[in-house]
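Peer 1: this one's sequence-less:
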């Protein structure tokens, strides 16, 4: 069996970089979905009457999605680096806090750790910055 690396193939590692970028962007999208689910779980796990819990389970992910669409998505309507960073922190930090306070500390730790590693990799690849558009 013969292996041909991207460098040996003559593209200087570009295909490997593209694959890593694509995989990490896909993971980031899944993390964003997980954050919305975590916010819903956290809202539902609040010690309150059922109506309030259901309201929070719907309102928290909805508010996060609206913030994300306006400030943090690649096609955000408002291009403000401080708002971009703050939205990322609020959504992912809020999701981790919601899981931890909702009684799921292991899931909170996992979501936080994977998000931090994914963010670091995307930063190194040049794909985590408020000026990026798609």
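Peer 2: Arrived safely. Since this is a predicted model, take the numbers as computed values, not measurements.
Peer 1: The residue nearest the centre of the chain - nearest residue in space that isn't next to it in sequence?
Peer 2: Residue closest to the mean C-alpha point of the chain, counted by C-alpha atoms, centre = their mean, is residue 32 at 3.6 Å. Once flanking residues are discounted, residue 32 sits nearest to residue 68: 7.0 Å by C-beta to C-beta, 6 or more residues apart in numbering. The way it works is simple: take the backbone N, C-alpha and C, and place the C-beta from them, glycine included.
Peer 1: Same question for residue 77.
Peer 2: Spatial nearest neighbour of residue 77, excluding adjacent residues (C-beta to C-beta, 6+ apart): residue 70 at 5.5 Å.
Peer 1: show me what contacts the one you found?
Peer 2: 76, 77, 78, 87 (C-beta atoms under 8 Å, 6 or more residues apart in numbering).
Peer 1: Mind listing what's buried along the helix or strand that contains residue 98?
Peer 2: Using DSSP states H and E, residue 98 falls within helix 81-101. When burial is assessed from 16 or more other C-beta atoms under 10 Å, helix 81-101 yields the following buried residues: 83-84, 87-88, 90-92, 94-96, 98-100.
Peer 1: before we move on, the earlier item: what is the nearest of the contacts of residue 70 to residue 126?
Peer 2: residue 76 (18.2 Å; C-beta to C-beta).
Peer 1: longest helix of this protein?
Peer 2: Using DSSP state H, we find that the single longest helix of the chain is helix 14-44.
Peer 1: Summarise which helices and strands that one is packed against.
Peer 2: Applying 3 or more C-beta pairs under 8 Å, 6 or more residues apart in numbering; DSSP states H and E, one finds that helix 14-44 contacts helix 50-67, helix 81-101, helix 105-124.
Peer 1: Is it possible to get CSV of those that adds distance to residue 23 and mean pLDDT?
Peer 2: Putting these into CSV (distance: least, C-beta to C-beta, whole Å; pLDDT from 0 to 100) gives the following:
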stretch, distance to residue 23, mean pLDDT
helix 50-67, 24, 98
helix 81-101, 19, 96
helix 105-124, 9, 97
